[in-house]
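Here is a sequence together with a model predicted from it:
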Amino acid sequence: QTKWDLPAAYPANNFHTENLEQFAQDVDKATNGKLKIQVHANASLFKAPEIKRAVQGGQAQIGEILLVNFQNEWPIFGADGIPFLADSYDESMKLWRAQKPMLEKKLADQGLMVLYAVAWPPQGIYTKRTLNSAADMKGLKWRAYSPATARIAELVGAQPVTVQQAELSQAMATGVIDSYMSSGATGYDTKTYEYIKNWYDTQAWLPKNAVIVNKAAFAALDKPTQDALLKAGAQAEARGWAMSRKANTETLEKLKANGMQILQPSAQLKTDMKKVGDQMLKEWLEKAGAEGQQLVDSYRKM
Amino acid sequence: MRRWLDLLYDASAWLAALAMIGVLVSVLASIVSRQLGFNVPGTDAYAGYAMAAAGFLALAHTLKRNEHIRVTLILGRLQGAKRHALEMWALTGGLLLAALFAFYSVRLAWVSHAINDVSTGNDATPLWIPQLTMALGTIVLFIAFVDEWVLELRGRRQVVDSEEALHNE
Amino acid sequence: MNDVLVTTLLIVTLFLLLGSGIWIGLTLAGVAWVGMQLFSSRPAGDAMAVTVWGAASSWTLTALPLFIWMGEILFRTKLSESMFRGLAPWVSRLPGRLLHTNVIGCTIFAAVSGSSAATCATIGKMTLPELAKRGYPDDITVGSLAGAGTLGLLIPPSIIMIVYGVTADVSIAHLFVAGILPGIVLAGLFSLYLGVWAMLNKDRVPPPDQVLSFAQKLGESRHLIPVVLLIGAVLGSIYAGVATATEAAAVGVVGALVLSGVQRSLNWVTFRESLLGATRLYCMIALILAGAQFLTLSMGYIGLPRHLAEFVRSLGLTPFMLMIALSIFYIILGCFLDGISMVVLTMGVILPTVQAAGFDLVWFGIFIVIVVEMAQITPPVGFNLFVLQGMTGREITWIARVTMPFFFLMCGMVLLLWFVPQLATWLPSHM
Ligand code: NA
Ligand code: NA
């Protein structure tokens, strides 16, 4: 019997974590208990930025990471964080299919393999102001929690403010920030509706969580167990995307019930944001070079 | 030798003190920049690195000043050879653990460099750079433990009364 | 491997290393090391380095060294003395007199700081020397400081509430508001105990400085102005949206420097001493935090807290018995782990049980915060005990003993919260 540890950064009631638990059970069943995977949710074993390193170093055999987190290391990790490149579940799935072979190659060099990936719900704009165009975003106190969100702020003339997730609620209550970009799910989890009443459903991008495996640990399994793991991974991917869509619909309903206005962006705002997206894609391509161009090309062909 | 060692601990402590100022400056930069409407990316990460440096680089100095706490309930009741024996045991234990700590801290920075581990935040710092403070601080701590161990073995170790303690009594 | 055997072996190792005088932070790392090498198949060293680095460089902790520095600066000003002059006329009629300054000071500072260790260190730096100078017995002053310091967690802002709120999917704003009444009631219980203690030990309480008329009292209160200004600046920076709760610590350091400049106690020597003193005190705590973090990781791998939580769940208890069982469970865990680790390691298993039993999750959050407060003062691993050992140089067993009454007061507070749940739920329901 083999025991694997699976560090994950999100709470037990998050749909990603629920999916992981189901995945672990599937593996247990399919291997008749030969491979037991213990999910350590809520960053109880390793914190989000440490998980990739922990799997790489063999401190955990398998782990869940947020891909865009690692874009400083390699721009392709950040492809699903480029605004308006892939702005729906279907597009996001296409992007994942284009991204996957490149990720597999890169991760293989690092002694890792990717088992599956699941998108987060699409990102929209939480703001106290009503927005008709990007000009209305000038001077917003905008939470910048990643290089991409900081760059968006600069491009629209908002003030990027660094606020950690842990202090998000308080920062909204005291007016340290009055806007940020995230999914409906995050807004519900952080009770954003207590402070901010507008959410523009821009579907800017759908960041993905990926489950990665240490290759040496995988190689140490016998063939039937390996197959069972891969099969359970494929099932978890299909299930995860469905769960994500469902979570999106449900949380938007719950946001509405709590007084959040779910707004469609105006044509002008859409055009303006598209411009921001194009600019950021251009900058990203400069960083990502030929690899990046190849990714965008193969994605657009799909 | 004695002079060089003390200089090493003091220099390391001063770096730690500078890092403490670094924590303050980073946090202030984040407050002030927000008020004045400009952006300094990564202030939160820099505050964290500075805090780590302050903690690790001061380890040896704090040990030499006898301000790392421990339970001296049994030690305090022993005299002479018995006390010496128990001190040797505690110092040997501390020495070994400090050695592990130093070895793996160096390895941490080394591996970070080898696999090109980069901070995931807005600062995008190659992590081996700030992790050098942890490697350096734990090595100096290890040296300080060797120093104490040898002094105790020769019966020359003087345990200073913690200055902090005197403030409050 | 049998859990009971693993637990026994680890606890024996812990007491052996601690008892033989090995430094506390290193002891925790040593126990974690032994646990991981023997009872998990993972290599310990690299995991230790990654997790220690992550904790030591984590932004959420930056308020701690800054508040410690603020305390070191204030200690070298006339601020603590003037605070006592201002408070003395008002508390001198109460039984226990200036003993209440610890409770009052910690309650007020708790509204600024989210951590118990920072509250304990900052207030202790000011009150302990002044109380000792006036002849108050140190057992009761140290004990009440260790106890009242934990209010830093219950009175908002509070780091542990944020961790719990994110984990349990509960509004952090509601949790913050829910903590206010229990915090004040608990502070009241501490003061009540100090009063009763003083009546029973009349000979041990020094006489009042002097007896004053009301006008004179008001006049003496002017000495409170600097401390009120400082706390006002820190709190104000949070509520005006200038700084986050963590950043407010930097406002505190600048405020303390300005105050000591105005009072002409700021010079190169005091600046250097405060800086190096703060660096050392923080370093002492940081080494223990590093060891504790490694121990948490080791426990996560071995799964002991999880198994114990599963055991409690399997008992199928009535709500009241469940609450008692959880209290005992967390008190035991709290002897060995710090509060945040306790929450992240057990919540996944405990929350469903608690929800099934029909507990209100905001109420349960306050319950968790109080048991985590207890963990700060129970030996052998209790951070307030460590801070006070560093500051007073007294043996940890002595500090734990003099703090014991305050531990029991918190147990009483848990029962009170059970029978009067509105203490926690009334305010948030009216938001
Ligand atoms: Na507090
Ligand atoms: Na404890």
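Cool, the structure landed. Nothing here was measured: the structure is a model prediction, and the numbers come from that model. Ligands and ions are numbered 1, 2, ... in the order given.

what about the helices in the stretch 201-350 of chain C?
Along the stretch 201-350 of chain C, counting by DSSP state H, counting those that start in this stretch, helices occupy C:214-220, C:225-239, C:248-262, C:268-302, C:304-314, C:319-336, C:339-356.

Who are the contact partners of the closest residue to chain A within chain C?
Of all residues in chain C, residue C:241 sits closest to chain A, at 3.7 Å by CB to the nearest CB. Yep, even glycine has a C-beta here, placed from its N, CA and C like the rest. Going by CB atoms under 8 Å, 6 or more residues apart in numbering or on different chains, residue C:241 touches A:171, A:174-176.

Return the backbone torsion pair for the residue positioned nearest the centre of chain A.
For chain A, the residue sitting closest to the mean C-alpha position, by CA atoms, centre = their mean, is residue A:207 at 3.0 Å. The phi/psi pair for residue A:207 (degrees, to the nearest 10) reads phi -70, psi 160.

ok so, going back, select, out of the helices of the stretch 201-350 of chain C, the one closest to residue A:32.
helix C:304-314 (22.6 Å; CB to CB).

do the closest one and chain A meet at all?
No: Helix C:304-314 is not in contact with chain A by CB under 8 Å from any CB of the partner chain; minimum separation 8.7 Å.

Show me what counts as buried in that helix.
C:304-306, C:308-309, C:312-313 (16 or more other CB atoms under 10 Å in any protein chain shown).

so what secondary structure elements neighbour the helix or strand encompassing residue C:428?
Per DSSP states H and E, residue C:428 falls inside helix C:422-429. Contacts defined by 3 or more CB pairs under 8 Å, 6 or more residues apart in numbering or on different chains; DSSP states H and E place helix C:422-429 against helix C:172-200, helix C:361-375, helix C:396-419.

can you list contacts of that helix?
C:171, C:174-175, C:177-182, C:185, C:360, C:362-363, C:366-367, C:416-417.

Any quick PyMOL command for the buried ones out of those residues?
Per 16+ other CB under 10 Å, the buried members of those correspond to this PyMOL selection:
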select buried, chain C and resi 171+174+175+177+178+179+180+181+182+185+360+362+363+366+367+416+417
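
Stretch C:146-153 near chain B anywhere?
No: looking at stretch C:146-153 against chain B by CB under 8 Å from any CB, there are no contacts, and the closest approach is 13.5 Å.

Any residue of that stretch touching ligand 2?
No: Stretch C:146-153 is not in contact with ligand 2 by CB under 5 Å from the ion; minimum separation 10.8 Å.

Mind pulling the model confidence for the residue of chain C closest to chain A?
As predicted, residue C:241 sits at a pLDDT of 84.

Same question for residue C:106.
92.

What's the local residue count around it?
Residue neighbour count, defined by other CB atoms under 10 Å in any protein chain shown, stands at 29 for residue C:106.

ok, it touching residue C:154?
No: between residue C:106 and residue C:154 there is no contact under CB atoms under 8 Å: 10.6 Å.

can you pull out the helices in the chain?
Reading this off chain A. If DSSP state H is used as the criterion, the helices of chain A fall at A:15-30, A:51-56, A:89-109, A:147-156, A:168-173, A:184-189, A:215-219, A:223-257, A:267-301.

nope, chain B
B:2-36, B:43-57, B:59-64, B:80-114, B:128-153, B:163-167.

Dump those to TSV, plus mean neighbour count and distance to residue C:381.
Shown next, in TSV, are the helices of chain B (neighbours: other CB atoms under 10 Å in any protein chain shown; distance: least, CB to CB, whole Å):
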stretch	mean neighbour count	distance to residue C:381
helix B:2-36	18	25
helix B:43-57	27	18
helix B:59-64	27	19
helix B:80-114	18	16
helix B:128-153	21	21
helix B:163-167	16	21
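
could those go into CSV alongside distance to chain A and mean pLDDT?
Shown next, in CSV, are the helices of chain B (distance: least, CB to the nearest CB, whole Å; pLDDT from 0 to 100):
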stretch, distance to chain A, mean pLDDT
helix B:2-36, 6, 95
helix B:43-57, 5, 96
helix B:59-64, 22, 96
helix B:80-114, 7, 95
helix B:128-153, 12, 97
helix B:163-167, 31, 46
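
Let me have the ones you listed in JSON lines, extended by distance to chain C.
Below are the helices of chain B laid out as JSON lines (distance: least, CB to the nearest CB, whole Å):
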{"stretch": "helix B:2-36", "distance to chain C": "4"}
{"stretch": "helix B:43-57", "distance to chain C": "3"}
{"stretch": "helix B:59-64", "distance to chain C": "5"}
{"stretch": "helix B:80-114", "distance to chain C": "4"}
{"stretch": "helix B:128-153", "distance to chain C": "6"}
{"stretch": "helix B:163-167", "distance to chain C": "3"}
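
now those helices in CSV, with distance to residue C:410?
Shown next, in CSV, are these (distance: least, CB to CB, whole Å):
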stretch, distance to residue C:410
helix B:2-36, 32
helix B:43-57, 30
helix B:59-64, 31
helix B:80-114, 33
helix B:128-153, 36
helix B:163-167, 27
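
right, and these - which one's nearest residue A:293?
helix B:80-114 (28.9 Å).

centre of the chain versus that closest one, how much separation?
Here the centre of helix B:80-114 is set off from its chain's centre by 13 Å, with CA atoms, centre = their mean, to the nearest Å.

And for stretch A:142-156?
16 Å.

do the same with stretch B:29-40
Worked out by CA atoms, centre = their mean, stretch B:29-40 lies 31 Å from the chain centre.

Please enumerate residues in contact with it?
The contact list for stretch B:29-40 (CB under 8 Å, 6+ apart) reads A:141, A:144, A:150, A:153-154, A:159-162, A:176, B:43-44, B:47, C:237, C:242-243, C:247, C:250-251.

try it again with 7 Å
Contact with stretch B:29-40 is made by A:159-162, B:43-44, C:242-243, C:247, C:250, as judged by CB atoms under 7 Å, 6 or more residues apart in numbering or on different chains.

now do stretch A:287-298
The contact list for stretch A:287-298 (CB under 7 Å, 6+ apart) reads A:75-76, A:79, A:98-99, A:102, A:284-285.

Tell me the buried residues in it?
A:288, A:291-292, A:295-296, A:298.

Using PDB, write out every CA atom in it.
C-alpha atoms of stretch A:287-298 as PDB (Å, rounded to 0.1, in the frame of the first residue of the first chain):
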ATOM      1  CA  LYS A 287       8.100  38.200 -22.600                       C
ATOM      2  CA  ALA A 288       7.000  34.700 -23.700                       C
ATOM      3  CA  GLY A 289       8.700  35.000 -27.100                       C
ATOM      4  CA  ALA A 290       8.300  32.300 -29.800                       C
ATOM      5  CA  GLU A 291       6.800  29.800 -27.300                       C
ATOM      6  CA  GLY A 292       4.100  32.300 -26.500                       C
ATOM      7  CA  GLN A 293       3.300  33.000 -30.100                       C
ATOM      8  CA  GLN A 294       3.100  29.300 -30.800                       C
ATOM      9  CA  LEU A 295       0.600  28.900 -27.900                       C
ATOM     10  CA  VAL A 296      -1.600  31.800 -29.100                       C
ATOM     11  CA  ASP A 297      -1.500  30.500 -32.700                       C
ATOM     12  CA  SER A 298      -2.400  26.900 -31.800                       C
END
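
Cool, thanks, talk later.
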